[in-house]
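Undergrad: take this sequence and fold it.
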Amino acid sequence: MTTNLARTFLKSCVKSIVVRNQQIRSNSTFKSAVIKQMKYPFTIEETRQRKLDKSEVRIQVKYCTLNSTDVENFRTEFREEPFTPGYELSGKVVEVGKNVAKDQIMVGEQVAALSFKNYGGYADECIVDASDCFRLPANVNLKDAPIFLCGHSSAVYAFSKLKLLKENEMVLISAGTAGFGLAAIDVATHMYKAKVIAVTDSEKRNDFVREEGAFGTVTFSPSVKKQIMELTKQKGADIIYDAVGAHMFSILGQCVARNGVIFHAAPIICSEIPIPPPNIFVAMICMKTLRIQDPALYKTLINDTLELAHEGVFTPHIASTFPLEKINDAIKFIDEGKHISKVLIEMNT
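TA: Presented below is the predicted three-dimensional model:
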């Protein structure tokens with residue numbers, strides 16, 4: 001009897017060990033979208049997990065943004081390949097490093113994250129530093145959360161910390177297709193009640209930003225300076241927020257009022273910024289750099305932005321959602337100019 005019980009117990013232990021080992025093996029790889037050569041399409045591959053460092057967090061990714069500037073980077077920016085991009089993401093925490101305190105983040109929590117350090121957002125899981133991980137307020141869901149992370153927090157930083165935007169103050173915002181300009185319009189109109197003149201590249205986008213609260217709109221053209229000066233009664237705008245890049249920056253810089261401010265907040269930081277007119281101020285906005293310069297402010301800004309979204313101050317805009325396996329179709333969708341705001345990649349987790 002005792003021998004039979006011992007054998008049964010031993011078999012149970014062996015079975016349990018086998019099951020646990022199978023679970024470990026099945027979870028030791030995950031799907032990710034990989035660039036193997038610059039300008040080539042993504043491939044979906046099984047990627048091996050790596051162990052967490054002491055202050056890192058493993059996230060089971062649900063959504064990650066895909067922007068027009070991301071697509072441009074895939075084709076022009078050199079990185080060691082193979083490479084998995086993606087940095088604005090949301091999901092559930094499944095593992096934390098030894099030094100991650102419970103008051104920072106806990107397993108099972110829903111979070112948003114900015115993976116500026118290692119990227120890797122287009123995958124079923126992503127490892128980020130605990131300092132880049134943000135708890136989601138009750139009214140911000142996993143799908144909306146990535147939309148607010150970079151674009152909205154950049155505008156909150158510019159308009160609250162660098163140049164306080166006042167109610168009814170005139171601000172000129174260039175709104176391209178990456179969502180940065182649209183985020184700035186959202187912040188300026190709904191948080192500060194400012195008068196926004198939006199500069200876009202088409203009438204279709206003009207209609208959209210007017211619906212979002214823009215006071216006036218201008219389509220980018222050779223006559224854009226004349227139109228802006230007419231709208232501002234020849235004074236120019238007190239604040240210009242460029243969310244597109246150098247080709248607009250050089251023109252918009254001529255439309256700023258004396259003692260005004262130009263914010264260059266394009267997702268791709270230009271290597272050459274045109275010389276601005278005299279007696280104005282220029283600031284470059286980059287959350288990736290602020291993360292290093294002032295980690296506490298970086299963390300506060302993003303938490304504050306998510307809290308404002310929780311309170312209903314901001315509105316998320318999603319052009320379309322594609323599954324991870326269809327990421328190349330999402331890129332084609334962006335190339336064909338079918339989007340106005342951000343595109344989301346959804347994981348099968």
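
Undergrad: need the contact list for Ile262.
TA: 239-240, 242, 249, 252-253, 256, 276, 280-283 (C-beta atoms under 8 Å, 6 or more residues apart in numbering). Placement of C-beta: from N, CA and C, glycine included.

Undergrad: now Tyr157: how far from Lys166?
TA: Between Tyr157 and Lys166 the distance, using C-beta to C-beta, to the nearest Å, works out to 17 Å.

Undergrad: ok, the two, which is more surrounded?
TA: Looking at Tyr157 and Lys166 with other C-beta atoms under 10 Å, you find the greater number of neighbours at Tyr157, namely 25 against 14.

Undergrad: which residues touch stretch 150-161?
TA: Applying C-beta under 8 Å, 6+ apart, the external contacts of stretch 150-161 come out as 87-88, 114, 165, 178-180, 182-184, 186-188, 191-192, 239, 241, 243, 263, 265, 267, 283, 285-287, 290, 297, 301-302, 304-305, 308-309, 314.

Undergrad: which strands or helices does the host helix or strand of Ile197 pack on?
TA: Assessed by DSSP states H and E, Ile197 sits inside strand 195-200. Strand 195-200 sits against strand 170-174, helix 180-190, helix 203-211, strand 216-219, helix 224-231, with contacts defined as 3 or more C-beta pairs under 8 Å, 6 or more residues apart in numbering; DSSP states H and E.

Undergrad: and stretch 255-267, which residues are buried?
TA: By neighbour count, and taking 16 or more other C-beta atoms under 10 Å as the criterion, the buried residues in stretch 255-267 are 255-257, 260-267.

Undergrad: tell me where the model's unsure across the stretch 151-300 of the chain.
TA: Regions of the stretch 151-300 of the chain meeting the criterion pLDDT under 70 cover residues 176-178, 246-247, 266-274.

Undergrad: which residues in the chain form helices?
TA: Assigned by DSSP state H, the chain shows helices spanning 2-26, 68-76, 145-149, 151-157, 180-190, 203-211, 224-231, 246-252, 287-293, 295-310, 327-335.

Undergrad: kindly reformat these as CSV containing distance to Leu172.
TA: What follows is the helices of the chain, written out as CSV (distance: least, C-beta to C-beta, whole Å):
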stretch, distance to Leu172
helix 2-26, 54
helix 68-76, 20
helix 145-149, 23
helix 151-157, 13
helix 180-190, 10
helix 203-211, 12
helix 224-231, 6
helix 246-252, 6
helix 287-293, 22
helix 295-310, 22
helix 327-335, 25
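
Undergrad: how about those, which one is nearest Ala33?
TA: When these are ranked by proximity to Ala33, the top entry is helix 327-335, at 4.9 Å, counting by C-beta to C-beta.

Undergrad: quick one: distance of that closest one to the chain centre.
TA: Averaged C-alpha coordinates place helix 327-335 at 17 Å from its chain's average position (C-alpha atoms, centre = their mean, to the nearest Å).

Undergrad: report all helices and strands that that helix contacts.
TA: Applying 3+ C-beta pairs under 8 Å, 6+ apart, one finds that helix 327-335 contacts strand 56-66, helix 68-76, strand 318-323, strand 342-346.

Undergrad: average model confidence for that helix?
TA: Per-residue confidence for helix 327-335 averages out to 93 on the pLDDT scale.

Undergrad: so what's the nearest residue in space to Ser320 that is not next to it in sequence up against?
TA: Leaving aside its chain neighbours, Ser320 sits nearest to Val343 (5.5 Å; criterion: C-beta to C-beta, 6 or more residues apart in numbering). Contacts were defined as C-beta under 8 Å, 6+ apart; by that measure Val343 touches 65-67, 318-322, 330, 333-334.

Undergrad: and which of those residues is nearest to Arg48?
TA: For these, the minimum distance to Arg48 (C-beta to C-beta) is 24.1 Å, reached by Leu66.

Undergrad: any idea how far the closest residue to the closest one other than its chain neighbours lies from Cys286?
TA: In space, and not counting its chain neighbours, Leu66 is closest to Val343: 4.4 Å by C-beta to C-beta, 6+ apart. Using C-beta to C-beta, one gets 22 Å for the distance from Val343 to Cys286.
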